[in-house]
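# With the input below, show me the fold.
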Amino acid sequence: MKILTSILAFVFLSGCGGANVLGVGEIGEVSDQVPILMYHYVREVDKVWDPLGWNLSVSPELFERQMEYLQGSGYSSISMGDFLLGHADERSVVLTFDDGLSDFYATALPILEKYNFKASNAVISGFIGREGHMNEDEIFEIMESGVEILSHSVYHKNLASLSDADIRFEVSSSRDDLEERFGVNIRGFVYPSGKFDRRVMRILGEEGYSFALSTEYGEADLGEHDLMLLPRIRVDNRGGYEGFVKRLEELE
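Okay, the predicted model is just below:
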């Protein structure tokens, strides 16, 4: 499917002034479909002692094999800003990492840089500097490397269980904090634990967000999906290398 993306680009840029957008070029008629891959941890985890952690992780070795496959198969990575501006083609992929974890800085980023891939990282503003999460200096460094920053709320709560006022605090305060600390314009949100309802989606729009990423499975399609409910493809240890390849081949 093809769409004219100038309207989407205007909406996106009018909210962010063009900042925190990677690879901006001419806006034209392009593919509106792209797989958005969802990662959490990139680390070694003992499956027996920590099965939940293992399920949320990709080992560094597996992650590098995946990046090698993407590069060898002709994929190029784009940011969410690129996608909304119409810079996706049939071999584009968006790489997203949830939670602002420290192993993204220490382990994932060097591998991404090795294969010349961009990424988007969803940061929990209230967790910056906590054990296991990136600190301010590390976030500045990943930004300098071209990583796009998204909001992932203040305290990673189930937003659908909160009052309207508390939802508004979680989404607006996280945006304001990230913007003030790092000098970026935040227009993208990732639902904590994939929990949301129509109230959450409405409030995100009222607070000036342009798009939100869910944990619902599928290839994102700007011509079909609500921008506040874009699906992603979860990647973790459970699928292994073969599962990763199979999922991408099914989308071709």
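# longest helix of the protein?
Secondary structure of the chain per DSSP state H: the longest helix is helix 164-182.
# Tell me how far that one lies from the chain's centre.
Averaging C-alpha positions (Cα atoms, centre = their mean, to the nearest Å) puts helix 164-182 17 Å from its chain's average.
# now the helices: where do they sit in this structure?
Counting by DSSP H, the helices of the chain are 6-16, 51-55, 60-72, 80-84, 102-103, 109-114, 136-144, 164-182, 198-206, 240-251.
# Single out the most deeply packed of these.
helix 80-84 (a mean of 26; mean count of other Cβ atoms under 10 Å). Heads up, the C-betas are built off the backbone N, CA and C, glycines and all.
# What residues does residue 195 make contact with?
158-161 (Cβ atoms under 8 Å, 6 or more residues apart in numbering).
# hmm, back to that, export the longest helix of the chain as PDB, just CAs?
The C-alpha trace of helix 164-182 is given here as PDB (Å, rounded to 0.1, in the frame of the first residue of the first chain):
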ATOM      1  CA  ASP A 164      -7.600  10.400  34.500                       C
ATOM      2  CA  ALA A 165      -5.600  12.800  36.600                       C
ATOM      3  CA  ASP A 166      -3.000  10.100  37.400                       C
ATOM      4  CA  ILE A 167      -2.800   9.100  33.700                       C
ATOM      5  CA  ARG A 168      -2.200  12.700  32.800                       C
ATOM      6  CA  PHE A 169       0.600  13.000  35.300                       C
ATOM      7  CA  GLU A 170       2.300   9.900  34.100                       C
ATOM      8  CA  VAL A 171       2.300  10.900  30.400                       C
ATOM      9  CA  SER A 172       2.800  14.700  30.700                       C
ATOM     10  CA  SER A 173       5.400  14.700  33.500                       C
ATOM     11  CA  SER A 174       7.500  12.100  31.800                       C
ATOM     12  CA  ARG A 175       7.400  14.100  28.600                       C
ATOM     13  CA  ASP A 176       8.200  17.400  30.400                       C
ATOM     14  CA  ASP A 177      11.100  15.800  32.400                       C
ATOM     15  CA  LEU A 178      12.700  14.200  29.300                       C
ATOM     16  CA  GLU A 179      12.400  17.400  27.300                       C
ATOM     17  CA  GLU A 180      13.900  19.600  30.100                       C
ATOM     18  CA  ARG A 181      16.800  17.200  30.900                       C
ATOM     19  CA  PHE A 182      17.800  16.300  27.400                       C
END
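# what's across from the residue nearest to the spatial centre of the chain in the sheet?
By Cα atoms, centre = their mean, the chain has its centre lying nearest to residue 96, at 3.2 Å. Legend: beta-bridge partners of residue 96 under DSSP bridges are residue 38, residue 120.
# could you list every residue that touches it?
Applying Cβ under 8 Å, 6+ apart to residue 96 gives the contacts 36-39, 80, 119-122, 150, 190, 213, 232.
# rewinding a little: could you work out the most separated pair of the contacts of residue 195?
159 and 161 (7.3 Å; Cβ to Cβ).
# More neighbours: those two, which one.
Using other Cβ atoms under 10 Å, the more surrounded residue of residue 159 and residue 161 is residue 159, with 23 against 10.
# OK, contacts around the closest residue to that one other than its chain neighbours?
Computed as Cβ to Cβ, 6 or more residues apart in numbering, the closest residue to residue 159 that is not its neighbour in sequence is residue 200, at 4.7 Å. Residues in contact with residue 200, defined by Cβ under 8 Å, 6+ apart, are 159-160, 167, 171, 191.
# Go again with 7 Å.
159-160, 167 (Cβ atoms under 7 Å, 6 or more residues apart in numbering).
# That one and residue 194, how far apart?
Going from residue 200 to residue 194 by Cβ to Cβ, to the nearest Å gives 11 Å.
# Dump stretch 38-51 to PDB, keeping only the CA atoms.
What follows is stretch 38-51, C-alpha atoms only, in PDB (Å, rounded to 0.1, in the frame of the first residue of the first chain):
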ATOM      1  CA  MET A  38      10.400  -4.600  20.400                       C
ATOM      2  CA  TYR A  39      13.300  -5.400  22.600                       C
ATOM      3  CA  HIS A  40      13.800  -5.200  26.400                       C
ATOM      4  CA  TYR A  41      17.100  -6.500  27.800                       C
ATOM      5  CA  VAL A  42      20.200  -7.500  25.800                       C
ATOM      6  CA  ARG A  43      22.000  -9.600  28.400                       C
ATOM      7  CA  GLU A  44      22.900 -13.100  29.500                       C
ATOM      8  CA  VAL A  45      20.300 -14.700  31.800                       C
ATOM      9  CA  ASP A  46      20.000 -18.100  33.400                       C
ATOM     10  CA  LYS A  47      16.800 -19.600  32.100                       C
ATOM     11  CA  VAL A  48      16.400 -22.000  35.100                       C
ATOM     12  CA  TRP A  49      17.000 -19.400  37.800                       C
ATOM     13  CA  ASP A  50      15.300 -16.500  36.200                       C
ATOM     14  CA  PRO A  51      12.700 -17.700  33.600                       C
END
